[in-house]
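1. Fold the stuff below for me.
(chains A and B)
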Amino acid sequence: MSEKMLLRGGRVIDPSQSLDEIRDVLLVDGAIAAVAPTLDTPEDARVVDCTGRIVTPGLIDVHVHLREPGEEHKETIATGAAAAAAGGFTAICAMPNTDPPIDNPAAVGFVAAEGRRAGMARVYPLGCISVGRAGERLALVGEMVDEGAVAITDDGSPVMDSGLMRLALEYSQAFGIPVADHPEDIGLSANGHMNEGVVSARLGLAGKPNASEDIHIVRDLLLAELTGGHIHLQHVSTRFGVESIRQAKARGVHVTAEASPHHLVLTEEAVEGYRTDAKMNPPLRTQDDVDAVRAGVADGTLDTIATDHAPHHYDEKEAAFADAPNGIVGLETALGVILTRVVGEGVIDLPTMVERMSCQPARVFKLPGGSLAEGGPADVTVFDPAAVWTVDPSAFLSKSRNTPFAGWELTGRPTMTIVGGRVVWSG
Amino acid sequence: MTDTPSALGKDLVGLEGLTKEQILAILDTAEPFKEISERRIKKVPVLRGKTIVNLFFEASTRTRVSFEFAEKRLSADTVNISSTGSSVTKGETLVDTARNLEAMHIDMVVMRHGSSGAARFLAERIPSNVINAGDGWHEHPTQGLLDLLTIRDHRGAIEGLKVCIVGDILHSRVARSNIHGLLTLGAEVAVCGPRTLMPPLPEELGCTVFSRIEEAMEWADVLNVLRLQLERMEGGYVPSLREYNRIWGVTSKRLEAAPREILVLHPGPMNRGVEIDSDVADGPQSVILNQVTNGVAVRMAVLYLLAGGQPERAEAAKQGGEG
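-> Okay, here's the model as predicted:
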């Protein structure tokens, strides 16, 4: 007995096939069976009316912190995967900066297994670049890949030692995985709590200058050029960073990069009043930087939009600014924020959004999905582009509520998230 | 005491955002209070029955004692709490402290804390009046006010004066409160010191920037000389204290070479021979001890106004006619 679902009459946007038309989509046994203008309804199929809805390859977030093991009071693999599903994501990549860090094959296997057990969005583990995230020697990269690691990173911290980064970019090539780096020169930024500039000067907070990120981005680009390795630059937030990546791509350097929703819509002004829900790393920067990140997403210099979902318990953020941890949750607001403030303001069109949030993430991290091509996995996101809603953190499936978007009125939200042909979330 | 809303709002978190009228109201209210400290019996019943907690998360002698005298001379009941942090993080301590204070129905809290924004954080969470006695690098409003009062005492008015703040501007809450207060009252403000101790974009704060003390003293009517903390040298911001003195120190030789008679302030405690030479600190152009005296009067004024006192009734209140 096969499982069949027919998504009837939605606007199907699949940039992997240059498709943007009203189509029916038939899912059979966890795979895409057919996409056509009109399909007959198989007798035993569940039919979902998608009139007025947009149907896309499942959204993929390549930058998520799930906090398990070690900080389960903030998030678990199961709650994070559920929050992802509620946000329209069918797959997420779990950062390895847990406690203990995911720096060995057994730990990678644990994350993958817990992700499967949760049965929500697919969970792809990343492994650490260095043992213990200490930045000293390479972790068991090959064995971690065998257990399911899709990339390596010491995210949360940069790899400061250029020699180690070179080794990582060389060694990783045998496995065809990207080396993802959190670009930050700690010597310039370690004591900072927000963007260095006029707001930090007035608030009396130590700043992180753009240069701390720019220097590290340029270094990584040079090392990728030197080694031929694949560098993936995480949460790029500066104008110079975007422009450097654009130039490197033109030279043929194997570089991919991310932009976070908050760096596309907020500036350092959001910190005014010492709002700890606007504290993250890299920090919110200036409008000039936001404009550059937007241009980078528009022209593809920044390949993917990734949330950097970083849950923190409420009482950890309930503190004086300097004493609060970095990071905000993003899984359950990303689609609405991007639709309202990035697509809605004409920065990118809907197909480009799907490209940045589904197709490219799948290509960059070599993940299944990112396409509605027949035969591929039935990972599908359905959203209502006209639904108006107000962000209410108390309704999040995530364990954490730390968002600067609380109370925002957004237009567009997911209505159904399908993973392997199974509806994991609908609303 | 009246039940009318305070002329300052609920709290005094900083001088940024206060109007010229509000700042002048505090300075004018401080004038009659000055005299109380000169009496044989230094006490009036203005805040009788009010409970005030002096909550100091950072070590302080001068500011804490000044507040305590101000409170006692206005007949408030005071409790001092000092905490320099323990096993719990500062943030957790602060939330829990706020809740405990709220539960004890405290009327006012005077707080010093090492984190910028801490005073506002507390003020947003408790109904009591909160007075910022210094939060991180952010503001130290009563210090700014006593500096303004001292300058006004000696120069008659603030408007049009050229005031240069010298030293570690980056880490200084005194500098930020001075900049906001002086600009609001119409002074021209400059900062001078090594670039390593300047905040980013000081011009955006409304300040002229001098990198050499000679240029600053050529320009200024008033110098407010900040303490150079030893840890700044240890942090590598300046190579040595001796070099700092030679290049940025306020010396009598430099004062004599200045085109005008410059008024010299220092918020204390001083490093004699580092940012200021002894013959300047003890000399005729120094008003450093006047600042200390004014500190008590200004803090009495702030306490009185936040408790709902009206500026024009301060004289009567002082006579015990309004308790």
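
2. hey, let's count contacts and neighbours off CA atoms from now on
-> OK.

3. so where do the helices sit in the chain?
-> I'll assume chain A. All helices of chain A, identified by DSSP state H, fall at A:77-86, A:105-118, A:141-146, A:162-171, A:186-189, A:198-203, A:210-227, A:239-251, A:261-265, A:287-299, A:314-317, A:334-337, A:350-354, A:360-364.

4. Chain B, not that one
-> Secondary structure of chain B (DSSP H): helices at B:20-34, B:62-73, B:90-103, B:118-123, B:141-155, B:173-184, B:213-219, B:230-234, B:241-248, B:252-257, B:278-281, B:288-306, B:314-318.

5. that older thread, the helices of chain A: which one's closest to chain B?
-> Closest approach to chain B among the helices of chain A is made by helix A:198-203 (5.4 Å; Cα to the nearest Cα).

6. Remind me what that closest one packs against, helices and strands.
-> Counting contacts by 3 or more Cα pairs under 8 Å, 6 or more residues apart in numbering or on different chains; DSSP states H and E, helix A:198-203 packs against no other helix or strand.

7. ok, whichever residue of the stretch 301-427 of chain A sits closest to chain B to residue B:117 distance?
-> Here the stretch 301-427 of chain A gets closest to chain B at one residue, residue A:319, 4.3 Å apart by Cα to the nearest Cα. Going from residue A:319 to residue B:117 by Cα to Cα, to the nearest Å gives 9 Å.

8. Look at the two and report which has more neighbours.
-> residue B:117 (30 against 26; other Cα atoms under 10 Å in any protein chain shown).

9. and the lowest-mean-pLDDT helix or strand in chain A, does that touch chain B?
-> When each helix and strand of chain A is scored by mean pLDDT, DSSP states H and E, helix A:314-317 comes last, with a mean of 92. Yes: counting by Cα under 8 Å from any Cα of the partner chain, chain B has neighbours in helix A:314-317: A:315-316.

10. List the contacts of residue B:266.
-> Residues in contact with residue B:266, defined by Cα atoms under 8 Å, 6 or more residues apart in numbering or on different chains, are B:224-227, B:288.

11. taking those residues as a set, which two sit the farthest apart in space?
-> With Cα to Cα as the measure, no two of the contacts of residue B:266 lie farther apart than B:227 and B:288, at 12.6 Å.

12. okay, and the common contacts of these two?
-> Counting by Cα under 8 Å, 6+ apart, the contacts common to residue B:227 and residue B:288 are B:266-268.

13. Skip the chain neighbours and tell me the closest residue to the residue of the stretch 201-323 of chain B found nearest chain A.
-> Closest to chain A within the stretch 201-323 of chain B is residue B:201: 6.0 Å, counting by Cα to the nearest Cα. Using Cα to Cα, 6 or more residues apart in numbering or on different chains and skipping the chain neighbours, the partner closest in space to residue B:201 is residue A:198 (6.0 Å).

14. Then residue B:242?
-> Among residues not flanking residue B:242 along the chain, residue B:274 sits closest, at 6.8 Å (Cα to Cα, 6+ apart).

15. What's the local residue count around residue B:146?
-> Residue B:146, neighbours per other Cα under 10 Å, totals 26.

16. what do you get for residue B:100?
-> Look at residue B:100: counted by other Cα under 10 Å, it has 13 neighbours.

17. Contact partners for it?
-> No residues are in contact with residue B:100 under the rule Cα under 8 Å, 6+ apart.

18. Check residue A:392 too.
-> Counted by Cα under 8 Å, 6+ apart, residue A:392 has contacts A:406-407.

19. do that again at 6 Å, thanks
-> By Cα atoms under 6 Å, 6 or more residues apart in numbering or on different chains, residue A:392 lies in contact with residue A:406.

20. picking that back up, hang on, isn't the residue nearest to residue B:242 packed against residue B:245?
-> Yes: applying Cα atoms under 6 Å as the test, residue B:274 and residue B:245 come out as touching, 4.7 Å apart.

21. Could you list the contact residues of chain A toward chain B?
-> A:197-198, A:201, A:203-204, A:319-320, A:323 (Cα under 6 Å from any Cα of the partner chain).

22. Out of those, flag the one nearest to residue A:131.
-> Nearest member of the residues of chain A next to chain B to residue A:131, counting by Cα to Cα, is residue A:323, at 27.9 Å.

23. Where does pLDDT dip in the stretch 1-150 of chain B?
-> For the stretch 1-150 of chain B, the stretches with pLDDT under 70 are B:1-5, B:84-92.

24. Chain A contacts on chain B?
-> Chain B has residues B:91, B:118, B:137-138, B:199-201 near chain A, with proximity defined as Cα under 6 Å from any Cα.

25. can I get those in TSV with neighbour count?
-> Formatted as TSV, those follow (neighbours: other Cα atoms under 10 Å in any protein chain shown):
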residue	neighbour count
B:91	23
B:118	28
B:137	25
B:138	29
B:199	24
B:200	21
B:201	17
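
26. Could you measure from the closest residue to residue B:9 other than its chain neighbours over to residue A:169?
-> Spatial nearest neighbour of residue B:9, chain neighbours left out: residue B:306 (7.0 Å); criterion: Cα to Cα, 6+ apart. For residue B:306, the distance to residue A:169 equals 62 Å [Cα to Cα].

27. Counting neighbours, go ahead and name the busier of these two.
-> residue A:169 (25 against 21).

28. Surely the more buried one and residue A:229 touch.
-> Yes: here residue A:169 reaches residue A:229: they are 4.7 Å apart, a contact under Cα under 6 Å.

29. Grab the nearest non-local neighbour of residue 217.
-> Going with chain A. The shortest distance from residue A:217 to any non-neighbouring residue, by Cα to Cα, 6+ apart, is to residue A:183 (5.6 Å).

30. wrong one, chain B
-> residue B:258 (5.8 Å).

31. How about residue B:132?
-> Nearest one to residue B:132, counting by Cα to Cα, 6+ apart, is residue B:13 at 5.0 Å.

32. ok, the one you found - contacts?
-> So residue B:13 contacts B:119, B:131-132 (Cα under 6 Å, 6+ apart).

33. was I right about the residue nearest to residue B:9 contacting residue B:7?
-> No: using Cα under 6 Å, residue B:306 is not in contact with residue B:7; the gap is 7.2 Å.
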